[in-house]
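Asker: whatever this is, show me its structure:
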Amino acid sequence: YIEIMRPMPGLDTGAYQEEDFCFIGDDDLYAVFLAQRSDDWGDSNVHECDFSCDDGTLSFTAWEENATDEISNYDWDGMEPCQSGDTV
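Answerer: Below is the predicted model:
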C-alpha cells in the first residue's frame, strides 16, 4: 500500500509502528488522529487515502466513527496495479 495522510506533527508515531498497521479501519483511533487537526487541513473531509499496489483499488476516510464517507477498495476508472519502479 501507498498511504497519504494529513500532517500530524504532534502524533507519537512510535505507537503506530506495527507491521500491519493501517490508518483506515480502526474507529477506536480516529479521535486520536482528529485531535491532531490544524488549520492547515482546511475544510476537506478526506484525511487519509491509500492505494493498493496489488490491485489498484483506493480507500479513504474522514476518521469519523461510522463514517458514511469511508470507502474501502474503491474501483476507479483507469485503475491498475503497480510494481516497483512504476509511476502512480
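
Asker: remind me which residues of this structure are low pLDDT?
Answerer: Within the chain, the stretches with pLDDT under 70 are 65-70, 88.

Asker: mind listing the strands for this protein?
Answerer: Ranges of strands in the chain, per DSSP state E, are 2-5, 48-51, 58-61, 71-74.

Asker: nearest to residue 24, of the ones you listed?
Answerer: strand 58-61 (4.9 Å; Cβ to Cβ). C-beta coordinates here come from the backbone N, C-alpha and C atoms, glycine included.

Asker: contacts for that closest one, please.
Answerer: 23-25, 30, 46-52, 67, 69-74, 76, 79 (Cβ atoms under 8 Å, 6 or more residues apart in numbering).

Asker: how about stretch 72-88?
Answerer: Taking Cβ under 8 Å, 6+ apart as the rule, stretch 72-88 contacts 2, 24-25, 51-60.

Asker: now, of those residues, which are buried?
Answerer: For the contacts of stretch 72-88, a neighbour count by 16 or more other Cβ atoms under 10 Å gives the buried set as 24, 51, 52, 57, 59, 60.

Asker: show me which of those is closest to residue 6.
Answerer: residue 60 (11.6 Å).

Asker: find the nearest non-adjacent residue to that closest one, please.
Answerer: In space, not counting the residues next to it along the chain, residue 60 is nearest to residue 49; the distance is 3.9 Å by Cβ to Cβ, 6 or more residues apart in numbering.

Asker: number of nearby residues for the one you found?
Answerer: 17 (other Cβ atoms under 10 Å).

Asker: I figured it hits residue 4, correct?
Answerer: Yes. Using Cβ atoms under 8 Å, residue 49 makes contact with residue 4 at a distance of 5.6 Å.
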